[in-house]
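[1] coords below, sequence missing:
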């Protein structure tokens, strides 16, 4: 496979769009369009809307969402808008006094306070001055972490915490970035997939693929990286396949969640991992996955 | 984007085991997509996508005076522009160093008369010649820029048509050139020997080709080799770090091997390419 | 000296065969690139422009950060091969600086900057082919890219040019050929829904009496363009929405 170099002409590879098999059709609002006119005052203004002359107008292009009186327009693509309790993957970009700055694909850099991490040696230990000096030993620039949104500051930046054994520094693995809107909202973000790959689906569109996590491991605080461990070839292959499958789904604008990824993985087995980089293979996998998801949905519906 | 040690280790081990992060082996190339004749008002053009590296090349012709020391030759000039669309780092003058580096490597790769025949561009000895301006616009960066640019340049030159000069009137210092009236009286440029660049990236103890952005970060040093048929037309080491002479020789060998293969595949595509309705960016 | 070429023939057709109030063909696409937060490509006749939007993100230089609003950073750039005569430099000359500023002005009028304190939005436009009406094409492309990035705006901002043919007929969407032949060119960037004008620029000597009708024509053009862009946006959203199966959508 690798001996062959694939060069195609653009016209031959005209992108075939997976057929939109869903019958659902929503009204799409575009910026400036009136969502609710002035005669109706029974609403609360939400995200993606603004009021002008009593009318509620859309400020982004998307579909309407209504929770009781709260009306908002959700764009199908945007930067990550964090909400408390969501799980994300981020990268440390700066070590400051008593806190780390984290890149989370949000509008502003997120903040991880020294007081919001579990330090080695017990959860309820007081933070001393030494800990401040030791901060770079725990997490340094470039390190990846998984964390949860603790609160949102008034300027919109996120405050994170890693006060759970699940969160903390990430070891060896692959990071993929997709648009946040492609990650399906779910209560579970940590998945151990059946083919020996562990996955963190960050709500911010950062997806972490790693070797299966041994839950029995004494992983307190999670500041240890084992750099000497060589990941066996079969797991490495499964990880690479997962990566290419996720990219194939994302390329074709399909939602990412555990089921869709498992389906895509199973459908992709007829290709070698490197073949999955080819556009035809990507579309094929995406289409087959979409088909299976629809079958599943129909089945659940019945 | 800076990777952490653990990610680098993962990539490093992968290269060692000959199974990279995206499933390629060390000599594997990502799929390439090519489109020619995309800029209508240029004499030739091409757009090339290698993963999400996106390069647009247009060729323009001008009448110029040959260099006094090379009266029989035309001119070939490269200009690279790193658009800020690719990354905000290129804003203002941010991309200029990279642009200059790319233009220099291209110039030296095309310098040898065996790679590209400049004599054909001469119109009147010492007085008039064609100047080919190759303008390269970088629209998106996904690693391995050098290879992508060299391929796109080759495709754009292949696509170029030089109008035939019908008559030359010399009246003292005044030279009048008349271009043939027919649009079809054109000459194609011969790019069979035009160099193809291959970036060989050293990661750990091994060398790989076609590095992605993440792999470029893990590399301790890279060598760009320009291959024209079986010969090297230029060799440049780029990036930080130093290479052992033996590694250097190994990378040159690898570069040559892959370069020949790449050139063969690319020439086949170029010959098979059909003039099409423009799809361009609307696709 | 030969008679000046007429912009409008006796039948009322223009040099390229258009009617006086006809736009050139507009084709556009959202989301052309994956790296930026939003991107768009537009063709207006032969004029072709790519736009990319990065952000909103943390302001890069801390001195510039504003506590109550976000900074809009624009850069206009023209590929050296975009014009018939090859350009020397893609940007940095006076004209591109001016166009960058005008683009910023148009975008500041619509982007809801107050929502994004301490942030910055980068808007980059790259002209691939210049055939008259560069500024309007840039504004329209930038609008699409911003919508693609999901950045809240009050409404579309569209731009259009208009000219005066045969000294009394207003003409829409001036091409390069018509610019060269002469006649005044009025460039307008407007908010077509509320009818407000964000930017107006006039070239050449011009009688005030003619202004209202040329301006009206240009505004009409902005409305037409808005309708075309709106359709493209809706189609794009529909496409993405149906392939994602409208997941995450509650109602």
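    The structure has been received and is ready for your questions. Keep in mind it's a predicted model, so treat the numbers as computed, not measured.

[2] Residue B:64 and residue B:132 touch, don't they?
    No - with contact defined as C-beta atoms under 8 Å, residue B:64 does not count as touching residue B:132 (9.8 Å). The C-beta positions use only the backbone N, C-alpha and C, and glycine is treated the same way.

[3] more neighbours, these two?
    residue B:132 (26 against 17; other C-beta atoms under 10 Å in any protein chain shown).

[4] how about the residues of chain B near chain C?
    Counting by C-beta under 8 Å from any C-beta of the partner chain, chain B comes close to chain C at B:39-42, B:45, B:52, B:54, B:56, B:58, B:60, B:62, B:79, B:81, B:83-88, B:91-93, B:133, B:135, B:137, B:139-142, B:280-283.

[5] From these, keep the buried residues only.
    B:39, B:42, B:45, B:52, B:54, B:56, B:58, B:60, B:79, B:81, B:83-88, B:91, B:133, B:135, B:137, B:139-142, B:280-281 (16 or more other C-beta atoms under 10 Å in any protein chain shown).

[6] In helices only, show me these.
    Among these, no member is found in helices (DSSP state H).

[7] Within the sheet, what are the partner strands of whichever strand or helix holds residue B:222, with directions?
    In this structure, residue B:222 sits in strand B:221-228 according to DSSP states H and E. Here strand B:221-228 is paired, per DSSP bridges, with strand B:196-203 (antiparallel), strand B:231-238 (antiparallel).

[8] Pick out the shakiest of those strands, pLDDT-wise.
    Lowest mean pLDDT of the strands paired with strand B:221-228: strand B:231-238, a mean of 90.

[9] Need the residues that contact it.
    Outside strand B:231-238, the residues within contact range by C-beta atoms under 8 Å, 6 or more residues apart in numbering or on different chains are B:101, B:105, B:108-112, B:114-115, B:146, B:195, B:199, B:221-227, B:243, B:248, B:252, B:256.

[10] Ok, stretch A:30-45 next?
    With C-beta under 8 Å, 6+ apart, stretch A:30-45 has contacts from A:29, A:49, A:51, A:53-61, A:64, A:68-71, A:73, C:110, C:147, C:152-156, C:191, C:193, C:230, C:233-234.

[11] Can you list the buried residues in it?
    A:30, A:31, A:32, A:33, A:35, A:36, A:43, A:45.

[12] who in the stretch 151-300 of chain A is up against chain C?
    Checking the stretch 151-300 of chain A against chain C by C-beta under 8 Å from any C-beta, the hits are A:155-157, A:181-182, A:184-185, A:252-255, A:290, A:293.

[13] so which two of these are the farthest from each other?
    Distance extremes for those: the farthest pair is A:155 and A:290 at 39.9 Å, using C-beta to C-beta.

[14] Residue B:258 should be in a helix, yeah?
    Yes - using DSSP: H, G, I helix; E, B strand; the rest coil, the assignment for residue B:258 is a helix.

[15] Let me know the pLDDT of it.
    93.

[16] what about the strands in chain C?
    Remark: strands assigned in chain C by DSSP state E are C:26-30, C:38-44, C:47-58, C:71-78, C:119-129, C:158-165, C:169-172, C:185-191, C:196-203.

[17] Make a markdown table out of the buried residues of stretch A:30-45 and add secondary structure and pLDDT.
    Below are those laid out as a markdown table (DSSP: H, G, I helix; E, B strand; the rest coil; pLDDT from 0 to 100):
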| residue | secondary structure | pLDDT |
| --- | --- | --- |
| A:30 | coil | 94 |
| A:31 | coil | 94 |
| A:32 | coil | 92 |
| A:33 | coil | 92 |
| A:35 | strand | 90 |
| A:36 | strand | 87 |
| A:43 | coil | 86 |
| A:45 | strand | 90 |
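
[18] Out of the strands paired with strand B:221-228, which one sits most buried?
    Greatest average neighbour count among those goes to strand B:196-203 (a mean of 27), per mean count of other C-beta atoms under 10 Å in any protein chain shown.

[19] Select only the buried ones of the contacts of strand B:231-238 in PyMOL?
    To isolate the buried ones among those in PyMOL, judged by 16+ other C-beta under 10 Å, type:
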select buried, chain B and resi 101+105+109+110+112+115+146+195+199+221+222+223+224+225+226+227+243+248+252+256
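
[20] related to what we said a few turns ago, in CSV, list the strands of chain C along with mean neighbour count and mean pLDDT.
    Listed next are the strands of chain C as CSV, based on neighbours: other C-beta atoms under 10 Å in any protein chain shown; pLDDT from 0 to 100:
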stretch, mean neighbour count, mean pLDDT
strand C:26-30, 20, 93
strand C:38-44, 28, 95
strand C:47-58, 26, 94
strand C:71-78, 24, 94
strand C:119-129, 26, 95
strand C:158-165, 26, 92
strand C:169-172, 22, 90
strand C:185-191, 24, 94
strand C:196-203, 15, 91
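
[21] Tabulate those (TSV), appending distance to chain B.
    As requested, the strands of chain C are exported to TSV (distance: least, C-beta to the nearest C-beta, whole Å):
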stretch	distance to chain B
strand C:26-30	5
strand C:38-44	4
strand C:47-58	4
strand C:71-78	5
strand C:119-129	4
strand C:158-165	20
strand C:169-172	23
strand C:185-191	21
strand C:196-203	22
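
[22] Compare those strands and report which one is nearest to chain A.
    strand C:47-58 (4.6 Å; C-beta to the nearest C-beta).

[23] quick one, strands of chain B?
    B:32-36, B:44-50, B:53-64, B:75-82, B:122-124, B:128-140, B:161-163, B:165-171, B:174-179, B:186-188, B:196-203, B:206-209, B:221-228, B:231-238.

[24] contacting residues around the spatially most central residue of chain A?
    Against the mean C-alpha coordinate of chain A, by C-alpha atoms, centre = their mean, the closest residue is residue A:205 at 2.8 Å. Neighbouring residues of residue A:205 by C-beta under 8 Å, 6+ apart: A:80, A:105, A:177, A:178, A:179, A:180, A:181, A:182, A:183.

[25] Could you measure from the fourth one over to chain B?
    Computed as C-beta to the nearest C-beta, to the nearest Å, the residue A:178 to chain B distance reads 13 Å.

[26] Roughly how far does the residue nearest to that residue when sequence neighbours are not counted sit from residue B:146?
    Excluding the flanking residues, the one nearest residue A:178 by C-beta to C-beta, 6 or more residues apart in numbering or on different chains is residue A:250, at 4.4 Å. Noted for residue A:250: a distance of 27 Å to residue B:146, by C-beta to C-beta, to the nearest Å.

[27] Residue C:234 - nearest residue in space that isn't next to it in sequence?
    That would be residue A:28: by C-beta to C-beta, 6+ apart, it lies 4.9 Å from residue C:234.

[28] what's around the nearest residue to residue C:237 once chain neighbours are set aside, how many residues?
    The shortest distance from residue C:237 to any non-neighbouring residue, by C-beta to C-beta, 6+ apart, is to residue A:28 (4.9 Å). Here the number of neighbours of residue A:28 (other C-beta under 10 Å) works out to 21.

[29] Nothing else from me, thank you.
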